[in-house]
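J.: Next comes the sequence, and after it the predicted model I'd like to discuss.
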Amino acid sequence: MVKKQGPCCHCRVMSSPLWRHGPPEKPVLCNACGTRWRKKATLDNYTPAPQVQRKQPKKEPGCRIVKKQPSSHHNL
């Protein structure tokens, strides 16, 4: 793990959840590029997909999850 912050020496991204070591010519890599480097030992023809922020679904006011209790009556 690298303590340095971006930019990534490969894709130039400025923020990453984790910074990784890369090859000597690209010593600081973002999480995506660093993972690719570690698994494939190459970054040729690799461009990480842009990060998309996922929106949390809105909770409806007054809605809650209710666990169904097992019935004490059995149908035989």
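T.: Noted; the coordinates are in hand.

J.: correct me, but residue 37 touches residue 30?
T.: No. Using Cβ atoms under 8 Å, residue 37 is not in contact with residue 30, being 10.4 Å away. To be clear about C-beta, it is placed using only N, CA and C from the backbone, and glycine gets the same treatment.

J.: which neighbours do these two share?
T.: Residues touching both residue 37 and residue 30 (Cβ atoms under 8 Å, 6 or more residues apart in numbering) are residue 20.

J.: Looking at these two, which has the bigger crowd around it?
T.: For residue 37 versus residue 30, the count of surrounding residues by other Cβ atoms under 10 Å is larger for residue 30: 27 against 19.

J.: quick one, strands of this protein?
T.: 20-21, 28-29 (DSSP state E).

J.: Single out the most deeply packed of those strands.
T.: strand 28-29 (a mean of 24; mean count of other Cβ atoms under 10 Å).

J.: any chance of the strands of the chain in a markdown table, plus mean pLDDT and distance to residue 43?
T.: What follows is the strands of the chain, written out as a markdown table (pLDDT from 0 to 100; distance: least, Cβ to Cβ, whole Å):
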| stretch | mean pLDDT | distance to residue 43 |
| --- | --- | --- |
| strand 20-21 | 95 | 12 |
| strand 28-29 | 96 | 8 |
